[in-house]
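A.B. asks: sequence? don't have it. structure:
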């Protein structure tokens, strides 16, 4: 239960605050981040039923500006980024020339010629390098803005009411996957209706110097509604229940978006060539003719928890592999996402189990997600 | 957090009581429970099992990981805590009391068990 601390761990603008709250910290992609403040199950349930407040300042922001900003992103990413309206956001991916996924991203169009690309902390440098390299010949600037932003997320059914008490911004008019500049508790923020929990909620990009003030204001405003600080542990179980992929687990350079069941993010119809087009065209055809392993949900009949890397078995043979697994607070049972052979991927397929340290435990195959909020 | 003075401790973060008729109660420390996070499943040895100091005799599953449960002494298991099997959160809420794990008739104990003060210094180190 001991861990070796890397030589140089990055700390967010809220580091002292997390420590004063008694957070258990963990290394995540070189950042010292809150894992949980108390019980991770209580934090999870707060987000499902009330509200939770997260520090996500480890996420990597990259700004792309200039007359060719849209053309550059259409070339560098697999989505049709030029078609994103100002004030809207898009879930997309950046792939290698061979189609392998480098990262999954959210791209915000802040202005006609300005975008903010948000990468996973573990891939931020890779994405920055790839965008910079792919910018050759485009009249656009790729700027490393990782240190320019702290990122706070308020998630859960009570979050719109809490945020509304601190801002004049038109939250009712702010749709899912939209973002607008505004002022929250006197702090300038990009207010985005995005998240990684399966609940309604917001992500607030602010200057690091303002992060603590905003955190305190949200904490105070949310107190009565039951808002609690939340760590990365519950973020992982929340996104798992919501069937959302996590880079390094469901997404890797070994997989194309078509292998991950996310071929819909690849827009072949968009204007111009893009990195990976040829390989992805082949991957799409391959997936059509010869279905790859399918990402499915598994629900335990027993209580032992499947973990990433555990084999999925049927009839004594390995038919897949667990990519993420955890005890689900909402279902009250262990759950997992796993890639399994197409023949065993249909919901309700009988005889599927997970090899948990040598013992084959029965699991039910279900369609993702495990949890969908009532709207 | 304070480690009860009347218990002895292993470097694998188990505690055990002084024996009553040679039978000691075993659990994991509050420090270990906090490090694990919410415990969701415990697999305990069975009554009658022989356990060996320093060897795995069960499992504790939490949200993020699975950890081996190590026996702090040699002996034979005389009782397991069914309450904690049914409600593993007892390990977190009452690690030194209702969250005890099993009882063992001690046949031999290793020389490196720690006093409360020694264990407190050990986890601070």
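C.D. replies: Arrived safely, thanks for sending. Predicted model, so just to flag it, every value in this text is computed and none were measured.

A.B. asks: ok, the residue in chain A positioned nearest to chain B to residue A:373 distance?
C.D. replies: The minimum distance from chain A to chain B, using Cβ to the nearest Cβ, falls at residue A:327 (4.1 Å). Where you see a C-beta, it was placed from the backbone N, CA and C, and this is true even at glycine. According to Cβ to Cβ, to the nearest Å, residue A:327 stands 20 Å off from residue A:373.

A.B. asks: next one: residue A:192
C.D. replies: Separation of residue A:192 from residue A:373 (Cβ to Cβ): 18 Å.

A.B. asks: Those two: which is more packed in?
C.D. replies: residue A:192 (26 against 13; other Cβ atoms under 10 Å in any protein chain shown).

A.B. asks: Measure how buried the residue in chain B positioned nearest to chain A is and give me the count.
C.D. replies: Here chain B gets closest to chain A at one residue, residue B:40, 4.1 Å apart by Cβ to the nearest Cβ. By other Cβ under 10 Å, 24 other residues sit near residue B:40.

A.B. asks: Tell me the secondary structure of it, please.
C.D. replies: Classification of residue B:40 by DSSP: H, G, I helix; E, B strand; the rest coil places it in strand.

A.B. asks: Same question for residue A:54.
C.D. replies: When classified by three-state DSSP, residue A:54 comes out as strand.

A.B. asks: partners of the residue nearest to it when sequence neighbours are not counted in the sheet?
C.D. replies: Of all residues not flanking residue A:54 in the chain, residue A:153 sits nearest, at 4.3 Å (Cβ to Cβ, 6 or more residues apart in numbering or on different chains). Note on residue A:153: beta-bridge partners residue A:54, residue A:203, judged by DSSP bridges.

A.B. asks: circling back to that earlier point, how far away is the residue of chain B closest to chain A from residue A:307?
C.D. replies: The spacing between residue B:40 and residue A:307, counted by Cβ to Cβ, is 13 Å.

A.B. asks: Am I right that the residue of chain A closest to chain B falls within a strand?
C.D. replies: Yes - per three-state DSSP, residue A:327 lies within a strand segment.

A.B. asks: For the residue nearest to it when sequence neighbours are not counted, give me its contacts.
C.D. replies: Nearest non-adjacent residue to residue A:327, counting by Cβ to Cβ, 6+ apart: residue B:40, 4.1 Å away. Counting by Cβ atoms under 8 Å, 6 or more residues apart in numbering or on different chains, residue B:40 makes contact with A:303, A:305, A:327, A:334, B:61, B:62, B:63, B:88.

A.B. asks: Cross the residues you listed against strands and list the overlap.
C.D. replies: Under the assignment DSSP state E, the contacts of residue B:40 contribute A:327, A:334, B:61, B:62 to strands.

A.B. asks: so the second one touches residue A:306, yeah?
C.D. replies: It refers to residue A:334. Yes - assessed by Cβ atoms under 8 Å, residue A:334 is found in contact with residue A:306 at 6.1 Å.

A.B. asks: What separation do you get for residue A:360 and residue A:317?
C.D. replies: 11 Å.

A.B. asks: okay, the two: which has more neighbours?
C.D. replies: Shown here are residue A:360 and residue A:317; by other Cβ under 10 Å, residue A:360 has more neighbours (15 against 10).

A.B. asks: Assign the more buried one to helix, strand or coil.
C.D. replies: strand.

A.B. asks: Please name the nearest non-neighbouring residue to it.
C.D. replies: Excluding the flanking residues, the one nearest residue A:360 by Cβ to Cβ, 6+ apart is residue A:353, at 4.4 Å.

A.B. asks: Please identify the residues of chain B in proximity to chain A?
C.D. replies: Applying Cβ under 8 Å from any Cβ of the partner chain, we find that chain B lies next to chain A at B:13, B:32, B:34-38, B:40-41, B:43, B:61, B:63-67, B:92.

A.B. asks: 10 Å instead?
C.D. replies: Neighbours of chain A within chain B, by Cβ under 10 Å from any Cβ of the partner chain: B:12-13, B:31-32, B:34-43, B:59, B:61-67, B:85, B:88-89, B:92-93, B:123.

A.B. asks: Are any of the residues you listed buried, and if so which?
C.D. replies: B:12-13, B:31-32, B:35-42, B:59, B:61-64, B:66-67, B:88, B:92, B:123 (16 or more other Cβ atoms under 10 Å in any protein chain shown).

A.B. asks: doesn't residue A:71 fall inside a strand?
C.D. replies: No - counting by three-state DSSP, residue A:71 falls outside a strand, being helix.

A.B. asks: what about the residue positioned nearest the centre of chain B, which SS state?
C.D. replies: With distances taken as Cα atoms, centre = their mean, the residue of chain B nearest its centroid is residue B:27 (2.5 Å). Three-state call for residue B:27 (three-state DSSP): strand.

A.B. asks: For it, which residues are in contact?
C.D. replies: Applying Cβ atoms under 10 Å, 6 or more residues apart in numbering or on different chains to residue B:27 gives the contacts B:7, B:13-17, B:33, B:69, B:72, B:81, B:84, B:90-91, B:94-102.

A.B. asks: Got a quick ChimeraX command for the buried subset of the residues you listed?
C.D. replies: Typed into ChimeraX, the next command selects the buried ones out of the contacts of residue B:27 (criterion: 16+ other Cβ under 10 Å):
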select /B:7,13,14,15,16,17,33,69,72,81,84,90,91,95,96,99,100,101,102
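
A.B. asks: No more questions from me, cheers.
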